[in-house]
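Q: Build me a structure from this.
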Amino acid sequence: MNRLKIMCVSVLLSLGLLFSVQPVAFCSETYQITADQLETLQTNLTMLQANNEKLKTLLTESNQDLTTASEQSDSLSNQIVVLDNQLTESQNQISALKQQLITLKQQTVAVQASLQTANEELKSASESFKTYQKQQEKIKSQLKTQKSVWQVIAGLAVGYAVNK
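A: Okay, the predicted model is just below:
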C-alpha cells in the first residue's frame with residue numbers, strides 16, 4: 001500500500017510540474033529586424049560567402065602545393081636512397097683500393113729488397129770481375145815477361161849454336 005501511495009504522489013507531482021511549465025514562446029517577445037539591419041546582415045553574409053570561396057580556393061591550392069611537396073619529398077627520398085647506395089659502393093671501392101695499396105706497398109718493399117740484393121750482388125760481381133781482370137793482367141804480364149825471357153834465351157841459344 002505504501003508503494004501505491006508513493007506512485008500516486010509521484011504521478012501527481014509529475015503532472016503538476018508538466019502543466020506548470022509554460023512554453024518558451026509565452027515568455028519571449030518577438031524580435032523584428034529593420035531594413036538597414038537586414039541589409040547589413042545580407043552584406044555580411046555575402047562577404048562571408050566570398051571569404052568562404054577564397055578560403056576554399058586557398059585550401060585547394062594548399063592541397064595542390066602539399067601534393068607537389070609530397071611528390072618532391074618522395075623524389076628526394078628516392079635520391080637519398082640512390083646516393084646512399086652510391087656512398088656504400090664508393091666506400092666498398094675505397095676499401096678495395098686501400099687493400100690493393102697495402103698489397104702494392106708490400107710488393108714494393110719486396111721489390112726494393114730484391115733490388116738491393118741484386119745491386120749488392122752486382123757490386124760484388126763487379127769487384128770480383130775487377131779482381132779477375134787485375135789477376136789476368138798480372139798473368140799476361142808474367143807470360144809476356146816469360147816469353148821475352150825465352151825469346152832472349154832462344155836467341156842466345158841460336159846465336160851460340162851459330163857461333164859454334
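Q: in the chain, which helix has the most residues?
A: helix 35-163 (DSSP state H).
Q: Mean confidence (pLDDT) on that helix, please.
A: The average pLDDT within helix 35-163 is 94.
Q: Quick one: distance of it to the chain centre.
A: 20 Å (C-alpha atoms, centre = their mean, to the nearest Å).
Q: now for it, which elements pack on it?
A: Helices and strands in packing contact with helix 35-163 are not found; criterion 3 or more C-beta pairs under 8 Å, 6 or more residues apart in numbering; DSSP states H and E. In this view, the C-beta of every residue, glycine as well, is placed from N, C-alpha and C.
Q: ok, now how distant is the residue most central in space within the chain from K123?
A: By C-alpha atoms, centre = their mean, the chain has its centre lying nearest to L87, at 3.4 Å. Distance, L87 to K123, by C-beta to C-beta, to the nearest Å: 52 Å.
Q: Check Q99 too.
A: For Q99 relative to K123 (C-beta to C-beta), the value is 36 Å.
Q: thinking again about what came up before, and the residue nearest to the centre of the chain, how far from V81?
A: L87 is 11 Å from V81, by C-beta to C-beta.
Q: Over to S114?
A: S114 is 49 Å from V81, by C-beta to C-beta.
Q: cool, V152 as well?
A: V152 sits at a distance of 103 Å from V81 (criterion: C-beta to C-beta).
Q: cool, and L104?
A: 34 Å.
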